[in-house]
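*Asks:* pasting the sequence and the predicted coordinates here, then a few questions.
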Amino acid sequence: MTRNILRVTLLLIVASFVLAPMIATILGGFKTNAEIRTNALGLPAMWNTEFYGQIITDPAFWRYLRNSLIISVGSVVLTLIVGAAAAYVFAQIRFFGSRMLFSYILLGLMFPFATAILPLFIKVRDIGLLDTWWAVILPQTAFSLSLAILLFRTFFAQLPKELFEAAYIDGCGYVRFFWRFTLPLSAPILATVGVFVFVQSWNNFLLPLVVLNSREVFTWPLGMMQFRGEYVTQWNLTLAFVTLTIVPAIVFFLAAQKYIVAGLTGGAVKG
Amino acid sequence: MAEVRLHNITKSFGALTVLPDLNLTVPDGSFTVLVGPSGCGKSTLLRIISGLEEPTSGAVMIGGQDVTLDEPSKRGISMVFQSYALYPHMTVAQNIDFGLRLAKMPAAERQSRVAEAARILALEPYLDRKPAQLSGGQRQRVAIGRSIVRQPKVFLFDEPLSNLDAALRTQMRVELAQLHQSLDATMIYVTHDQVEAMTLADQIVVMNAGRIEQVGAPMELYDRPQTVFVAGFIGSPKMNLIPAASIGQPHARTAGIRPEHLVIDPEGRPARALVVETLGADTIVHADVEAIGPMTIRLAGNNRLRTGDVIRVSPQPGQLHLFDEQGQRLPDPETTTLQRNQP
């Protein structure tokens, strides 16, 4: 009994570290700037919906949201297609240099995004993609591929070999097997990688900041900067904005959640 | 239906040669069982016939045509795997239909074939279920159904009953035998279970270390094993293999006597029962026979023997098998008693 109380208390403390900033953010959208300064964590004295209303009725907010959504979904789709196809080859086919090539791709895991930002900018500028959605989608996909290929390959390699052999005898080749068998049987790992890439892309600030210049293509992290003045920051609008932009990421996560656990633990034990 | 011929098949994996040089003919319409211990190359041979594995050299002929370089789907074969290898995201009907769909068969023909296979294998109530919702026996039947619908020239089975429990295995064995009779198709079946081999086969191929030890009808192998290996491998309990000199056969290296061919004989050698297994119809006695050593004796009925009892045994006339230094069978001996060595 005492042990249970201790355990629950400990869990509540840990949970509060995660939940407190989120709750403060949501509540902050209902407060005036003055109240945020004096009462950052408490309930608002008056539930003021004006700031949320201001954000929702602003066309720019929807434009930022649309841009973020297109860029994130684009990154996810491209990463899943390219990553899964590459990983399938590494998992199914032995060819000269396959292990070396795979190791080379994994090297990408060692490079932080920020270290490549300048060469990326130059390359994006040279191919004429500056200030377009592709300027964010393509580099993000490239940087996601190492992890995606690693996870996909591990998962694909665990699919029973006899499954391919039975399909092969039925007249199914590698490409058809990929579409008809590998992908449908890999929903957990597709969901896992999809969520990772989506969240990473949704919250990415540095790359859009460098390669996007006009408000027409701004993502929400860049759009949020409009509330930050030289002398004054409109914290209530910023917090309301952040709260509303978190919603799509949470919806996406919840939709894929049931697959994610299976994707992360799949193959840990022989089923 | 088709005859399968293997000409000088060799298979090496790097430096390891699994099949040194193998020739085999599987007659049209026969049920041929490849049997042997684990690692003897029987599954590799089946995979070479199926096209899943390429031989290092040699030729595979099916129905008189050289199919060595053909894709599996072009060989007119179908294969049932030990693990069933059912497509988990498809229903039973889709599993059975998949190969036909890939072959671009008209929908009406496909439906009729799937229905016919489902009828033969009693799968009609399960056509809309996924494999995970089926029992082991039902899954195996789906795997067989997937083979039947393609109407192949040759059916290949790779230890298809190994994952089933004993009762289901017996039932499926009977069903497979009936299936062979009704389809009258050429079937090649790999197993390490000699009961399956003896009960299903028209022809048994006993393999050891990549080589064929003997090919023949089940009772031919049982009654006249051509090598010591076959003598020891076929039959349960195993044949007693003893030094031939110990029973007065100095021209041979090894003598073999089946447990059921040892009978109680007041003139025979004394044998002390070490373990007695009473099976009802038979009694298996693991005994220490004087001057020979451990032997297994199978006695009809319940003999009420107990551990430590001493009985006298000798072989039935004409049931002694003799093998030379190379393990090859020698002509049948004239003497059939467990004689003591003559000084």
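*Replies:* All right, it came through fine.
*Asks:* in space, what's closest to residue A:166 - neighbours in sequence excluded?
*Replies:* residue B:85 (3.8 Å; C-beta to C-beta, 6 or more residues apart in numbering or on different chains). Glycine gets a C-beta too; all of them are placed from N, C-alpha and C.
*Asks:* ramachandran coordinates for residue 135?
*Replies:* I went with chain A, as the question did not name one. phi -60, psi -30 (degrees, to the nearest 10).
*Asks:* think we crossed wires, I meant chain B
*Replies:* Note on residue B:135: backbone dihedrals following degrees, to the nearest 10 are phi -80, psi 170.
*Asks:* burial of it, as a residue count?
*Replies:* Residues near residue B:135, counting by other C-beta atoms under 10 Å in any protein chain shown, number 11.
*Asks:* checking the residue in the stretch 1-150 of chain A that chain B sits nearest to next. Helix, strand or coil?
*Replies:* Closest residue of the stretch 1-150 of chain A to chain B, C-beta to the nearest C-beta: residue A:94 (12.9 Å). Here residue A:94 takes the coil state, with states given by DSSP: H, G, I helix; E, B strand; the rest coil.
*Asks:* residues contacting it?
*Replies:* Under the criterion of C-beta atoms under 8 Å, 6 or more residues apart in numbering or on different chains, the contact list for residue A:94 is empty.
*Asks:* phi, psi of it?
*Replies:* Torsion angles, degrees, to the nearest 10, at residue A:94: phi -90, psi 120.
*Asks:* what's the separation between it and residue A:168?
*Replies:* Separation of residue A:94 from residue A:168 (C-beta to C-beta, to the nearest Å): 16 Å.
*Asks:* also residue B:224?
*Replies:* Distance from residue B:224 to residue A:168, by C-beta to C-beta: 41 Å.
*Asks:* so residue B:282 touches residue B:297, yeah?
*Replies:* No - using C-beta atoms under 8 Å as the test, residue B:282 is too far from residue B:297 to be in contact (10.2 Å).
*Asks:* of those two, who's got more company?
*Replies:* residue B:297 (27 against 17).
*Asks:* helix, strand, or coil at the more buried one?
*Replies:* Classified using three-state DSSP, residue B:297 is strand.
*Asks:* with the one 10 residues further on instead?
*Replies:* Classification of residue B:307 using three-state DSSP returns coil.
*Asks:* state the pLDDT value of it.
*Replies:* As predicted, residue B:307 sits at a pLDDT of 91.
*Asks:* contacting residues for it?
*Replies:* B:273, B:274, B:275, B:276.
*Asks:* rerun at 6 Å
*Replies:* Contacts for residue B:307 (C-beta atoms under 6 Å, 6 or more residues apart in numbering or on different chains) come out as B:273, B:276.
*Asks:* same question, the one 4 residues further on
*Replies:* Counting by C-beta under 6 Å, 6+ apart, residue B:311 makes contact with B:264, B:271.
*Asks:* for the one 5 residues further on, same thing?
*Replies:* Residues touching residue B:316, when contacts are defined by C-beta under 6 Å, 6+ apart, comprise B:261, B:263.
*Asks:* got the phi/psi numbers for it?
*Replies:* Dihedral angles (degrees, to the nearest 10) for residue B:316: phi -70, psi 150.
*Asks:* state the distance from it to chain A.
*Replies:* 47 Å (C-beta to the nearest C-beta, to the nearest Å).
*Asks:* how close does the nearest residue to residue B:327 once chain neighbours are set aside sit to residue B:191?
*Replies:* Counting by C-beta to C-beta, 6+ apart, residue B:327 lies nearest to residue B:228, which is 3.9 Å off, once chain neighbours are set aside. According to C-beta to C-beta, residue B:228 stands 21 Å off from residue B:191.
*Asks:* now do residue A:106
*Replies:* 43 Å.
*Asks:* with neighbour numbers in mind, choose between the two.
*Replies:* Neighbour tally, residue A:106 and residue B:191, criterion other C-beta under 10 Å: the higher count belongs to residue B:191, 23 against 14.
*Asks:* tell me how many other residues crowd residue A:74.
*Replies:* Neighbours of residue A:74 (other C-beta under 10 Å): 18.
*Asks:* got the phi/psi numbers for it?
*Replies:* phi -60, psi -40.
*Asks:* the residue nearest to residue A:166: what secondary structure?
*Replies:* Residue B:85 ends up coil, using three-state DSSP.
*Asks:* got the contact list for it?
*Replies:* A:162, A:163, A:166.
*Asks:* out of the residues you listed, who's the most crowded?
*Replies:* residue A:166 (29 neighbours).
*Asks:* nearest residue to residue B:100 other than its sequence neighbours?
*Replies:* residue B:110 is the one closest to residue B:100 (C-beta to C-beta, 6+ apart), at 4.5 Å.
*Asks:* any idea which element the one you found lies in?
*Replies:* helix B:107-120 (DSSP states H and E).
*Asks:* quick check: residue A:118 vs residue A:207, distance?
*Replies:* From residue A:118 to residue A:207 the distance is 12 Å (C-beta to C-beta).
*Asks:* please apply the same query to residue B:215.
*Replies:* Residue B:215 is 70 Å from residue A:207, by C-beta to C-beta.
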